[in-house]
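Chemist: sequence first, predicted model second:
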Amino acid sequence: MAKMRVHLDPTGGIAGDMFIAAILDAKPEWYEGMCEAIRDAGLPKEIALSLLPHSDFALTGTRFNVEEPKTNKHHHTLFSDIRNMLMESVLAVRVRQVAIDIFCLLAKAEAEVHGKTIETISFHEVGEWDSIADIVGAAYLIDKLSATWTLGLLPLGRGTVQTSHGILAVPTPATVKLLTGFNFYDDGLDGERVTPTGAAILAYLQPKQSGAAQGGKLVASGTGFGTKSFLEKSNVLRVLVLSELEQQSQSDNIYQIDFDIDDQSAEDLAIGLNHIRAISSVLDVSQAALFGKKGRVVNSIRILAETTNIDKVFEACFNETSTIGLRYQELMRVTLDRWEKKFTTDGLEGQRKFVTRPHGVTVKVESDDLASTKGHANRERIRRHIAAKCETSID
């Protein structure tokens, strides 16, 4: 069975309309259903929706537009009014909840910035129907895809932007609140690159920022244009829709840390590596002997660790060894489902490890539990005997 993963490549940044345009460029057959959902949310009949081909000096793609009648009035819409409108609408339940959750994230960010409560916060630009339509449309597409999400680095943007609160620095305060923890880079271009609406969508999706799309079968792609234009860079959000085979495994990210030691005794290095190995987030520590400069024997050390508390692992490497520098990189790994259970068989007590493989479950008896048994043949016989009993009583 295949599962879907969507990678967002924010070349020009991300906004609500760019998100919709990029996904519909990949899945145009969802456009009519999305428009119906936006109408179900309460979009007035006089406001038009359109999805049009668009191109710049380099690329082709689509633009999503919400066209309101021209007026000099500026709406100040309470978050609670928008929430009540959505709750009372005929939107599909799951789409309604996603839209409310995205608005709630926006309201919390605005409330923190302005020192208000979420119930008293009012939206200005986001209270306009173009932003409401963007969030409801995004909610419909998010529900439709039912995918996991990854994201490339976000462009930081430069300069200022005119808002109903006056001139604000880019990224705006609410956007900063929403994107705390995300990774950015500066491409040297002026202007707002991530809008509050785009930031709220990302805050809801919580995509892994893996940089590249990192594998899978590409089944669709789309390019969504924003309203701004740059001289030498396309203002686009690209999406890659990938299919992955579902299996009895799970994937996550880990750090690989490497360094070399040529001036620490073997005895002391062994003690230091044991201390590093005892850190809860460290998965494995290995070493190999190499020949380094001047014919010296070098201990090449490799540590695999979870991404949590990685600074603690770095600190331990410097404290427990004589190294003066570390090399590290973040990697994706895939692991089979596994679990442990205690056993008591034929007078022996210990741990058994179960591993779910594509063609069945395998069982391994820990070697430490056989340490008191003399003779290789005896240990092998007991290991096979215990494993066979375990396999017939897996629970």
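Modeler: Perfect, thanks for sending it.

Chemist: the longest strand along the chain packs against which elements?
Modeler: Ordering each strand of the chain by length in residues (DSSP state E) puts strand 249-261 first. Contacts defined by 3 or more C-beta pairs under 8 Å, 6 or more residues apart in numbering; DSSP states H and E place strand 249-261 against strand 297-306, helix 310-320, strand 327-336. Backbone N, C-alpha and C define where each C-beta goes, glycine included.

Chemist: most packed of the ones you listed?
Modeler: strand 297-306 (a mean of 18; mean count of other C-beta atoms under 10 Å).

Chemist: what strands line up against it, and which way round?
Modeler: Sheet pairing for strand 297-306, assigned by DSSP bridges, gives strand 249-261 (antiparallel), strand 282-291 (antiparallel).

Chemist: for D17, which non-adjacent residue is spatially closest?
Modeler: F64 (4.7 Å; C-beta to C-beta, 6 or more residues apart in numbering).

Chemist: tell me which element that neighbour falls in.
Modeler: Element membership of F64 [criterion: DSSP states H and E] is strand 60-67.

Chemist: CSV for the strands paired with strand 297-306, including distance to V297?
Modeler: Listed next are the strands paired with strand 297-306 as CSV, based on distance: least, C-beta to C-beta, whole Å:
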stretch, distance to V297
strand 249-261, 10
strand 282-291, 6
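
Chemist: could you export those as JSON lines, including mean pLDDT and mean neighbour count?
Modeler: Formatted as JSON lines, the strands paired with strand 297-306 follow (pLDDT from 0 to 100; neighbours: other C-beta atoms under 10 Å):
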{"stretch": "strand 249-261", "mean pLDDT": "86", "mean neighbour count": "16"}
{"stretch": "strand 282-291", "mean pLDDT": "93", "mean neighbour count": "14"}
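
Chemist: would you mind measuring from I303 to A199?
Modeler: 35 Å (C-beta to C-beta, to the nearest Å).

Chemist: T11: which of the helices and strands packed on strand 249-261 is closest?
Modeler: strand 327-336 (21.7 Å; C-beta to C-beta).

Chemist: what is the closest one packed up against?
Modeler: In this structure, strand 327-336 packs against strand 249-261, strand 348-357, with contacts taken as 3+ C-beta pairs under 8 Å, 6+ apart.

Chemist: right, and the helix or strand after the first one?
Modeler: Spelled out, that is strand 249-261. Beyond strand 249-261 on the C-terminal side, the first helix or strand identified by DSSP H and E is helix 266-277.

Chemist: can you list the neighbours in contact with that next one?
Modeler: With C-beta atoms under 8 Å, 6 or more residues apart in numbering as the test, helix 266-277 has contacts from 261, 264, 282, 285, 287, 299, 301, 303, 313, 316-317, 320-321.

Chemist: pick the one among those closest to S234.
Modeler: Using C-beta to C-beta, the contacts of helix 266-277 come closest to S234 at V313, 39.8 Å.

Chemist: show me the contacts for the closest one.
Modeler: 255, 257, 276, 279, 281-282, 303, 305.

Chemist: got CSV for those residues, with distance to V236 too?
Modeler: Output for these, formatted as CSV (distance: C-beta to C-beta, whole Å):
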residue, distance to V236
Y255, 32
I257, 36
I276, 45
I279, 43
S281, 38
V282, 41
I303, 39
A305, 36
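
Chemist: hmm, back to that, what residues sit buried inside the strand holding F64?
Modeler: Neighbour counts over strand 60-67 (16 or more other C-beta atoms under 10 Å) mark 61-64, 66 as buried.

Chemist: before I go, just wanted to say thanks for your time.
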